[in-house]
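Undergrad: quick one, structure for this:
(chains A and B)
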Amino acid sequence: MKADVASILLVEDDPNDALLIQRAFAKAGATSGLYWVEDGEEAIAYLAGEGRYGDRRRYPYPALMLLDLKLPRKSGFEVLNWIRGRPRIRRLPVVVLTSSSEHRDVDLAYDMGANSYLVKPVSFEDLIGMMQLLHRYWVFYNVMPKI
Amino acid sequence: MEGDGRGTLAGLGDHVRGRVVGLWVANPSDRRLLSEFLEGLALKVRDLYLDGPHAEDGRPLSLILADAPGGRRGRERIRCLKEQAEPLYLPALLFLPHVGPAEPWLRAGFDDVVRIPVSKAELRARVGAHLRLRERTEALALSEGRYRQLVENALVGIWQANATGRLVFINQALSRMSGYAQEEVIGRHMAEFIPSELRSWLDERMRLRLSGLLEPDVVEVEMVRKDGSRFTALAAPGALFDGEGRVAGFLGAMIDITERKRLEEDLEAFVYSVSHDLRAPLRAMEGFSQALMEDFAEILPSQGMDYARRMRDAARRMEVLIQDLLAYSRLSRKQIRLRPVDLGRVLEEVLDQLDEEIQRRGAEVSVRGPLPMVRGHHTTLVQVLANLITNAMTFVSAGTKPRVTIRAQDADERIRIWVEDNGIGIPSEHRQRIFRIFERLHGIEAYPGTGVGLAIVKKGVERLGGQVGVESEEGKGSRFWVELSIADWGDQN
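TA: Here you go, the predicted model:
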């Protein structure tokens, strides 16, 4: 089944958040592989298949990206901009997952082509719920583009 | 002179007493007769004909009387005196026989002609009429001087331009603000002092004002100083009308709000960082204490579990606190435009929002009677009333079912909204304190809360131009009230 093989790329600089998201993901019973990179440059290298990311058996091309906005080296907005400017890669669905709920960030993210915008909940219970819904919607129901 | 010259000057009160009338009369007996007549009217007389040219000390002249034919020397002297009196009106009256035209004399600078012989009554009336005019110009000069001083020394920048937009005046404050000397800007167009990208905006506004379509308003505008640097001004410009209602020019006041803008931006950045960065460690605390409780429940003694739970609860409380602080700060910063708001719809939304909490607490919240329209701002009012009702439900003694009543009452031109509860009440000494931020009267264990709720209420009501207060009897509940203006339908546009 498609849902079993689809993988998700998590771009998150805070190791605590990354660990909690992975944990919530597992608790939510999500079956997809969750791959994690720590900054914007790594995210671009992953998508471009540079260096070790050329090995697509170890680092499969993601069906969805979970993108934090505040990142070292290259910000989430820069990553988004890079993605939307590439042929084919531009089709990758990107869900922003960040702690900012400022209107400025939300609007800019959508303007730059984000497919969805989520604010990290403080409560872990809520995070599990969010991952459950997210996985169900984006991996199970959503029809993915061809990349 | 004929007839009775006694009595007071027609139409003039006591305040004309002691005013000085200058006489330029050649004939000594005429001079004496006139002096007696004028002194009989409580006026003082100064003989200009015999005095030297520099004898003009003491009280200034209010009127000049000259006899025929005036003489060249006399005309020159009178012209000179009138000029010195500017901008005040110094009337000069000329006695002329009943023959011959008056017009050349009026053209020569005399203000009126008195045909001799003249009755005392007529002379009295004429002197009175011209002294009245003189008084009017003095009153205007006084008022003009008062306004000039107010404008010149005002702390706000003040400018005036003619109908084509060229400046005719700026005061000292605006000179300091802009770096231009006062005389330097005269004759230059207003557009020269704003950035080029704003010029079409200014053109349009001038056009609208000239056609009467733009009332005086308040705008934020970028200005350019003499050295090319910019500042942000809060300006209140308007049109200036002449005696016939046509636009004679433009007039405005402004303050420099550059510093305030910078502080606002700093605050924005701070709030941004609070919402963004402060919450990341909180998520970790909450998440990992939860993970500890879930994954290590079997090997963690009950005390360890208790510690982990306390960590998690503290993190959650801090999250609520941050949210409340952000709400408070947003309330202080956001632009609020007051317009008619349907209180009924506000209450509907509030009760909808609080539904879950009302159920959980088993509370009874009722709205009594119809709720009117008020002057306010919908989302701010929702925030205010939601906080008041939450507050009312929270502070009840254990085991009591919270009962909250909301009703509206007319209070002159205003509406008072009451939120009444059956709670524990508030001792009188604390009734002001509770509206301050972070003030709590009770331990967190007894009544949960951040101490921000009522501060949000107060800030919100203040932003709506209203007032908030509380009446309470300990142990018998509290009655919070919010007073707002009645909806003004002019606000709709």
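Undergrad: OK, contacts around B:Leu292?
TA: B:Leu300, B:Ala308 (CB atoms under 8 Å, 6 or more residues apart in numbering or on different chains). Heads up, the C-betas are built off the backbone N, CA and C, glycines and all.
Undergrad: how about it, phi and psi?
TA: Per-residue torsions, B:Leu292: phi -60, psi -50 (degrees, to the nearest 10).
Undergrad: burial count for B:Leu63?
TA: Using other CB atoms under 10 Å in any protein chain shown, the number of residues around B:Leu63 comes to 24.
Undergrad: so which strand or helix has it?
TA: Taking DSSP states H and E as the definition, one finds B:Leu63 inside strand B:61-66.
Undergrad: please name every helix or strand in contact with that strand.
TA: If you count contacts as 3 or more CB pairs under 8 Å, 6 or more residues apart in numbering or on different chains; DSSP states H and E, strand B:61-66 packs onto strand B:20-24, helix B:72-85, strand B:92-97, helix B:120-152.
Undergrad: that one to strand B:92-97, inter-axis angle?
TA: 20 degrees (axes from the mean of the first three to the mean of the last three CA atoms, to 10 degrees).
Undergrad: follow-up on the earlier one: looking at the helices and strands packed on strand B:61-66, which is closest to chain A?
TA: Nearest to chain A among the helices and strands packed on strand B:61-66 is helix B:120-152 (41.4 Å), distances taken as CB to the nearest CB.
Undergrad: now the element after the closest one, going C-ward?
TA: Downstream of helix B:120-152, the next assigned helix or strand under DSSP H and E is strand B:157-162.
Undergrad: need the mean per-residue confidence for the helix or strand following that following strand.
TA: Sequence order places strand B:167-170 as the next helix or strand after strand B:157-162, per DSSP H and E. The average pLDDT for strand B:167-170 rounds to 94.
Undergrad: just the pLDDT for the closest residue to B:Leu278 other than its chain neighbours.
TA: Among residues not flanking B:Leu278 along the chain, B:Ile322 sits closest, at 6.1 Å (CB to CB, 6 or more residues apart in numbering or on different chains). At B:Ile322, the pLDDT value in this model is 84.
Undergrad: next: B:Ser175.
TA: Note for B:Ser175: predicted pLDDT of 95.
Undergrad: where does the prediction get shaky in chain B?
TA: Where chain B drops to pLDDT under 70, the residues are B:1-15, B:51-57, B:68-70, B:272, B:275-276, B:443-448, B:489-493.
Undergrad: now do the helices in it.
TA: Under the criterion DSSP state H, helices of chain B are mapped to B:28-40, B:72-85, B:103-107, B:120-152, B:172-178, B:199-210, B:258-277, B:279-295, B:302-333, B:343-361, B:378-394, B:453-463.
Undergrad: these into a markdown table, with extra columns for distance to B:Lys226?
TA: As requested, the helices of chain B are arranged in a markdown table below (distance: least, CB to CB, whole Å):
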| stretch | distance to B:Lys226 |
| --- | --- |
| helix B:28-40 | 57 |
| helix B:72-85 | 37 |
| helix B:103-107 | 48 |
| helix B:120-152 | 20 |
| helix B:172-178 | 6 |
| helix B:199-210 | 18 |
| helix B:258-277 | 15 |
| helix B:279-295 | 47 |
| helix B:302-333 | 33 |
| helix B:343-361 | 51 |
| helix B:378-394 | 42 |
| helix B:453-463 | 38 |
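Undergrad: tell me which of those sits nearest to B:Ala487.
TA: helix B:343-361 (9.4 Å; CB to CB).
Undergrad: quick one, what contacts A:Gly85?
TA: By CB under 8 Å, 6+ apart, the contact list for A:Gly85 is empty.
Undergrad: so the strand holding B:Leu63 versus strand B:20-24, what angle?
TA: Using the same axes, to 10 degrees, strand B:61-66 lies at 20 degrees relative to strand B:20-24.
Undergrad: may I have the strands that pair with strand B:61-66, each with its orientation?
TA: If you go by DSSP bridges, strand B:61-66 pairs up with strand B:20-24 (parallel), strand B:92-97 (parallel).
Undergrad: tell me which of these sits most buried.
TA: Among the strands paired with strand B:61-66, strand B:20-24 has the highest mean neighbour count (mean count of other CB atoms under 10 Å in any protein chain shown), at a mean of 22.
Undergrad: need the residues that contact that one.
TA: Strand B:20-24 is contacted from outside by B:31, B:34-35, B:38, B:43-49, B:58-67, B:70, B:74, B:77-78, B:81, B:127, using CB under 8 Å, 6+ apart.
Undergrad: flag every residue of chain B that's near chain A.
TA: Selection of chain B residues close to chain A by CB under 8 Å from any CB of the partner chain yields B:272, B:275-277, B:279-284, B:286-288, B:290-291, B:315-316, B:319.
Undergrad: just the buried members of those?
TA: Buried residues within those, defined by neighbour count using 16 or more other CB atoms under 10 Å in any protein chain shown: B:275-276, B:279-280, B:282-284, B:286-288, B:290-291, B:315-316, B:319.
Undergrad: which of the residues you listed sit farthest apart?
TA: Spanning the widest gap among those are B:Ser275 and B:Ala291, at 24.7 Å by CB to CB.
Undergrad: now the helices: where do they sit in chain A?
TA: A:2-5, A:15-27, A:40-48, A:76-84, A:103-111, A:124-134.
Undergrad: neighbouring contacts of the third one?
TA: The contact list for helix A:40-48 (CB under 8 Å, 6+ apart) reads A:9, A:11, A:35, A:37, A:51, A:53, A:59, A:61-62, A:65, A:67, A:71-76, A:78-79, A:82-83, A:86, A:89, A:92.
Undergrad: buried subset of those?
TA: With burial judged by 16+ other CB under 10 Å, the buried subset of those is A:9, A:11, A:35, A:37, A:53, A:59, A:62, A:65, A:67, A:71, A:74-76, A:78-79, A:82-83, A:92.
Undergrad: mind saving the C-alpha coords of the strand holding B:Leu63 as CSV?
TA: Coordinates of each C-alpha in strand B:61-66 appear next as CSV, following Å, rounded to 0.1, in the frame of the first residue of the first chain:
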residue,chain,number,x,y,z
LEU,B,61,-4.0,107.8,20.5
SER,B,62,-7.4,106.3,19.8
LEU,B,63,-8.7,108.9,17.5
ILE,B,64,-7.6,112.0,15.6
LEU,B,65,-9.7,115.1,14.8
ALA,B,66,-8.4,117.6,12.3
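Undergrad: now it against helix B:120-152, angle please.
TA: Using the same axes, to 10 degrees: strand B:61-66 against helix B:120-152 is 140 degrees.
Undergrad: which residue packs closest to B:Arg407, ignoring adjacent ones?
TA: B:Arg368 (4.0 Å).
Undergrad: how close does that neighbour get to B:Glu420?
TA: 9 Å (CB to CB, to the nearest Å).
Undergrad: more neighbours: which of the two?
TA: B:Glu420 (18 against 11).
Undergrad: contact partners for that one?
TA: Counting by CB under 8 Å, 6+ apart, B:Glu420 touches B:Ala392, B:Val404, B:Thr405, B:Ile406, B:Arg407, B:Gly477, B:Ser478, B:Arg479, B:Phe480.
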